[in-house]
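[1] Okay, predicted coordinates and the sequence, questions at the end:
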2 protein chains.
Amino acid sequence: MFEKIKIDEKEYVRITRDELFRIVKEIFVALGITENEASIVADSLIYADLRGIESHGVQRLKMYVDGIKAGGINTEPNIITVRESPVYALLDGDQAMGQIAGYRATKMAINKARENGIAVVGVKNSNHYGTAGYYALKMAEEDLIGISMTTSSPLVSHTGAMERFIGTNPIAMGVPVEGEKPFLLDMATSVVPSGKIEMAQRKKERVPEGWAISTVNGKMITDPNEILSPKGAILPLGGLGEIFGGHKGYGLGVMVDILSGILVGATWSKHVAGAKEKNSNVGHFFMAINPAAFGDIEEFKNNVKKMREELRNSRKHPKFERIWTHGEKGFLTEETRLKIGIPIHRTVYEEINQIANELGVKSLS
Amino acid sequence: MFEKIKIDEKEYVRITRDELFRIVKEIFVALGITENEASIVADSLIYADLRGIESHGVQRLKMYVDGIKAGGINTEPNIITVRESPVYALLDGDQAMGQIAGYRATKMAINKARENGIAVVGVKNSNHYGTAGYYALKMAEEDLIGISMTTSSPLVSHTGAMERFIGTNPIAMGVPVEGEKPFLLDMATSVVPSGKIEMAQRKKERVPEGWAISTVNGKMITDPNEILSPKGAILPLGGLGEIFGGHKGYGLGVMVDILSGILVGATWSKHVAGAKEKNSNVGHFFMAINPAAFGDIEEFKNNVKKMREELRNSRKHPKFERIWTHGEKGFLTEETRLKIGIPIHRTVYEEINQIANELGVKSLS
């Protein structure tokens, strides 16, 4: 049974999807969020854990809970549509959890693109919305090409600079494929997402040289503690300087800041604050394109399937075991975890139970 | 006076923009293209030379001329609109030069987005359209966010593979900025565009390890002749494997193939043929977003300017002289070259004159 990341079973506890969903949902309900909205947030977090994106799963529960307790996240939001046309909309997220406005915006993009071929929906005044791929996948499941981007708090040092300026600003794209799970790209525009560095930190391992620099002297650093402190910054995709295209990762990060930040009236890059802050003003950008507007939907899905098969069946490089296409590892991991449970790190397990106890929610069984 | 690339004046001849435009336009007219269309193509090629993208400038003239002579490029196209709505359109490029349908599609995207907030225009049955940035800039000059992508012939080996499969598939984005030239990102989704390798070939220099692999044994190769032969392939942005994010560059390349290839009914990646082939069926994707639909256009442009200034004024890394933002180097190079002329490599200079002579067009003066 395939899992994206090798799990050391001694360090993890396996929890069923339903039990994890139950506790996360009940925790958010106990914090004052409606049943319906708590379900959306729980589904989004568990989606990440199911697919092996541990950094964006229930490990982040505490961040959200602390954000709510500190008043940085509004549990009784009045999310309003500020502007709307048949093909676009702008929502004010009223400082709710990003997943709530994100989900609503995705639904709007789906309906508009089904009706009118293409749609863009932006969200301002929001918070961290989980993984970008969650929303892109929702659109792909409706036979649309779905694109999702979000601003995020500054962690990346752009080309020529030596400070945390841009966020890891992800881009996700989901595409329907005939007879298969969607093609699903979900990437930070930095060389690695911060989650990979957090994982090295937990394992007390160093990270490869080329992922991050010191913000003090600009040298490459490999100690995850230093990288995750204000003394470190992650490099953009392509690395330091321009030789291997670091200016491209930098440019993609700026693109995300412009589309999901400035365009939608949210803030950008170094001004994006964390979940505990009021007015962190995170912004999101969702776009849906209906292939049926441009041609036959079955032909489109068949051609994507054909391309995917060609990618898989290309001549293999001797150093690699297999050629993957985007989304496959995540779906296989999900399959496994739906069967044998989602691995939750023991420290996260304790943390969840502690949060539950404080709120009078039944512990994980 | 700034130029993006240091020019060895002994190897180059400087030609004024107007004289270069004159000869390129006359060559295309002599080959049977209308005055108006020849002007568009000449403008697009010289745009690249002005901005220091030598690989996509008049150096490519021979490729286009050979494509026309071989019958791969249709000089009397009937470009038709296959599908259209107020926010999208699909054009059949009728195997014309890519610039012609590209220009028309860009104008349509501009008009639709001005009217209805957003627009997507696709082109199928096209050919090489020059630089992606040319079209994105046109949209930005109309106070729109402009996005442009195109398929291209296979040169890039995707993660885990050892063959030329994906094109260098560029993504460009232009964004209007208050009181300044637009922000302009124009990037191949490979670690480098093929042009950089062609330049090393001409200078008889090796390229850095990490740009390309052998398609025979998968090892890193640095000899431009080998890389540009079928025995070589360029790596995706992020390099070999997943450690530095090579799967992200690979994913972006696939994204471009899906949007500008499969979606618009063109072919994709390894099926994209060169300019000499009939039915090379290159596809393009243009998108325009009107910031005025989402908020106040002046506020948008001011915020982009603010972000740009913040990027420039970030703490500088000691190894770099200056922090650039996207588009600046190109515009400064253009300024210089409009004053002192566009440097044309002597071999290209001879080539252009030879083409001109054969067609009865007056040589470069």
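    Received it, and whenever you're ready, just let me know what you need.
[2] hey, let's count contacts and neighbours off CA atoms from now on
    OK.
[3] Touching, A:Pro236 and A:Tyr250? I think so.
    Yes. Under the criterion of Cα atoms under 8 Å, A:Pro236 lies in contact with A:Tyr250, with a separation of 5.4 Å.
[4] Of those two, which one has the most company?
    Ranked by neighbour count (other Cα atoms under 10 Å in any protein chain shown), A:Pro236 and A:Tyr250 place A:Pro236 first, with 37 against 27.
[5] how about the nearest residue to that one, chain neighbours excluded?
    Setting aside the residues directly before and after it, A:Pro236 is nearest to A:Ser190 in space (Cα to Cα, 6 or more residues apart in numbering or on different chains), at 3.9 Å.
[6] Repeat that for A:Asn313.
    Counting by Cα to Cα, 6+ apart, A:Ile323 is the residue found nearest to A:Asn313 once chain neighbours are left out, at 7.6 Å.
[7] A strand includes the one you found, no?
    No. Counting by DSSP: H, G, I helix; E, B strand; the rest coil, A:Ile323 falls outside a strand, being coil.
[8] Shouldn't A:Arg14 be within a strand?
    Yes. Assignment of A:Arg14 by three-state DSSP places it within a strand.
[9] where does it land on pLDDT?
    What the model reports for A:Arg14 is a pLDDT of 98.
[10] Those residues of the stretch 101-250 of chain A touching chain B, which are they?
    A:116-120, A:158-163, A:165, A:173, A:185, A:187, A:191-192, A:210-211, A:217-218, A:237-239, A:244-245, A:248 (Cα under 8 Å from any Cα of the partner chain).
[11] what's the neighbour count on the residue nearest to A:Pro236?
    Other residues lying near A:Ser190 total 33 when counted by other Cα under 10 Å.
[12] What part of chain A, helix or strand, is modelled with the least confidence?
    Counting by mean pLDDT, DSSP states H and E, the weakest-scoring helix or strand in chain A turns out to be helix A:194-202, with a mean of 89.
[13] In terms of secondary structure, what does it contact?
    Other elements packing on helix A:194-202 under the criterion 3 or more Cα pairs under 8 Å, 6 or more residues apart in numbering or on different chains; DSSP states H and E are helix A:224-227.
[14] avg pLDDT for the helix it packs on?
    Per-residue confidence for helix A:224-227 averages out to 98 on the pLDDT scale.
[15] What of stretch A:122-137?
    Averaged across stretch A:122-137, the pLDDT comes to 97.
[16] The residue nearest to A:Ala48 when sequence neighbours are not counted: how many residues sit nearby?
    Computed as Cα to Cα, 6+ apart, the closest residue to A:Ala48 that is not its neighbour in sequence is A:Gly57, at 4.9 Å. The local packing of A:Gly57 (other Cα under 10 Å) involves 22 other residues.
[17] My understanding was that A:Leu20 contacts A:Leu364; is that so?
    Yes. Taking Cα under 8 Å as the definition, A:Leu20 is a contact partner of A:Leu364 at 7.4 Å.
[18] More neighbours: which of the two?
    Neighbour count, other Cα under 10 Å: between A:Leu20 and A:Leu364, A:Leu20 has more, with 23 against 16.
[19] Work out for me the element the more buried one sits within.
    A:Leu20 is part of helix A:17-30 when elements are defined by DSSP states H and E.
[20] quick one: buried residues of the helix or strand just after that helix?
    Elements were assigned by DSSP H and E; along the chain past helix A:17-30, the next helix or strand is helix A:35-50. With burial defined by 16 or more other Cα atoms under 10 Å in any protein chain shown, the residues of helix A:35-50 counted as buried are A:37-39, A:41-50.
[21] then helix A:35-50 to CSV, C-alphas only?
    Only the C-alpha atoms of helix A:35-50 are listed here, as CSV (Å, rounded to 0.1, in the frame of the first residue of the first chain):
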residue,chain,number,x,y,z
GLU,A,35,-21.9,23.0,12.0
ASN,A,36,-21.9,23.5,8.2
GLU,A,37,-18.8,25.7,8.2
ALA,A,38,-17.0,23.5,10.7
SER,A,39,-17.5,20.5,8.3
ILE,A,40,-16.0,22.5,5.5
VAL,A,41,-12.9,23.4,7.5
ALA,A,42,-12.5,19.8,8.9
ASP,A,43,-12.9,18.3,5.4
SER,A,44,-10.2,20.7,4.0
LEU,A,45,-7.7,19.9,6.8
ILE,A,46,-8.3,16.1,6.6
TYR,A,47,-8.0,16.3,2.8
ALA,A,48,-4.4,17.4,3.3
ASP,A,49,-3.7,14.6,5.8
LEU,A,50,-5.3,12.0,3.6
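[22] Need the residues that contact it.
    Contacts of helix A:35-50 from elsewhere in the structure, counted by Cα atoms under 8 Å, 6 or more residues apart in numbering or on different chains, are A:17, A:20-21, A:24-26, A:28-29, A:54, A:56-58, A:97, A:99-100, A:103, A:130-131, A:134, A:330, A:333-334, A:337-338, A:342.
[23] can you check stretch A:350-361 too?
    With contacts defined as Cα under 8 Å, 6+ apart, stretch A:350-361 is touched by A:Ile23, A:Glu26, A:Ile27, A:Ala30, A:Leu31, A:Leu61, A:Lys62, A:Lys362, A:Ser363, A:Leu364.
[24] For chain B, state which of those residues is nearest.
    Using Cα to the nearest Cα, A:Leu61 is the member of these that lies nearest chain B, at 27.1 Å.
[25] Could you check which helix or strand contains the closest residue to that closest one other than its chain neighbours?
    Among residues not flanking A:Leu61 along the chain, A:Ile352 sits closest, at 7.5 Å (Cα to Cα, 6+ apart). Element membership of A:Ile352, judged by DSSP H and E, is helix A:346-358.
[26] Which positions in the stretch 251-365 of chain A make contact with chain B?
    Taking Cα under 8 Å from any Cα as the criterion, the neighbours of chain B within the stretch 251-365 of chain A are A:251, A:255, A:258, A:262-265, A:268, A:291, A:294-295, A:300, A:303-304, A:307, A:311, A:314-324, A:326.
[27] Just the buried residues of those.
    In terms of neighbour count (16+ other Cα under 10 Å), the buried residues within those are A:251, A:255, A:258, A:262-265, A:268, A:291, A:294-295, A:300, A:303-304, A:307, A:311, A:314-317, A:323-324, A:326.
[28] ranges for the helices of the stretch 1-150 of chain A?
    Counting by DSSP state H, counting those that start in this stretch, the stretch 1-150 of chain A has these helices, from start to end: A:17-30, A:35-50, A:61-69, A:98-116, A:132-140.
[29] Among the ones you listed, which comes closest to A:Ile227?
    Across the helices of the stretch 1-150 of chain A, A:Ile227 has its closest neighbour in helix A:61-69 (19.2 Å, Cα to Cα).
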